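Trainee: Sharing a sequence plus its predicted fold:
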Amino acid sequence: KNQVEQSPQSLIILEGKNCTLQCNYTVSPFSNLRWYKQDTGRGPVSLTIMTFSENTKSNGRYTATLDADTKQSSLHITASQLSDSASYICVVSRMDSNYQLIWGAGTKLIIKP
Amino acid sequence: NAGVTQTPKFRVLKTGQSMTLLCAQDMNHEYMYWYRQDPGMGLRLIHYSVGEGTTAKGEVPDGYNVSRLKKQNFLLGLESAAPSQTSVYFCASSSDREEETQYFGPGTRLLVL
């Protein structure tokens, strides 16, 4: 079954600290993996997109990694800021004739001052 | 450049009532999507469109209909609302399906009593 599982479900860290969010997937055949940030009450906003051949991609203080062999991805946030409080969603696209996106349930991140 | 807009922002319906959610994008994107987001779950695709005049079913299409009469607009209709359709609905658009980022609207919160 095509699934995307994220951990932890929620995370609280202090402002200025680093954190890493995890994503495991069983989607096949794999096309690409995306990380989105969703602020409360808003639509998701794309952070990164990685294809099979890419194992790391950065967007400012956000760095995503991909291990296609183990089917794992992580999102590392450096020097967290209060504005990083949001849900972070891992999305894997399935390469077939229908092109399907499989969305994870997200990790809710809270940054405390 | 407003991106993707959705109307209304919030709506309360009684069981059996009908309504239409409107999505508009000003990025000249070919592809448009309707998702629903429920607590603790990933986004689920309801219907999508690959161009003006075309629509296709997604993962959870039952109880919904869509139309794309103009390239910039994508309408989602509920003919006879049910409490199970209480959710947050997001519209998104992209220039293609596989490689490009999907841009999301702010969402419509729907409560069906």
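Mentor: Happy to help now that I have it. These numbers were taken from a predicted model, which means no experiment stands behind them.
Trainee: what helices or strands is the lowest-mean-pLDDT helix or strand in chain A leaning on?
Mentor: When each helix and strand of chain A is scored by mean pLDDT, DSSP states H and E, strand A:100-103 comes last, with a mean of 86. Applying 3 or more C-beta pairs under 8 Å, 6 or more residues apart in numbering or on different chains; DSSP states H and E, one finds that strand A:100-103 contacts strand A:86-94, strand B:44-49. Using the backbone N, CA and C atoms, a C-beta is placed for each residue, glycine as well.
Trainee: Dump those strands into CSV; add mean neighbour count, distance to residue B:80 and mean pLDDT as well.
Mentor: What follows is the helices and strands packed on strand A:100-103, written out as CSV (neighbours: other C-beta atoms under 10 Å in any protein chain shown; distance: least, C-beta to C-beta, whole Å; pLDDT from 0 to 100):
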stretch, mean neighbour count, distance to residue B:80, mean pLDDT
strand A:86-94, 22, 31, 94
strand B:44-49, 21, 16, 94
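Trainee: Tell me which of those strands sits nearest to residue A:112.
Mentor: Closest to residue A:112 of the helices and strands packed on strand A:100-103 is strand A:86-94 (C-beta to C-beta; 13.9 Å).
Trainee: Pull up the pairing partners for that closest one, direction included.
Mentor: strand A:30-38 (antiparallel), strand A:100-103 (antiparallel), strand A:107-112 (antiparallel) (DSSP bridges).
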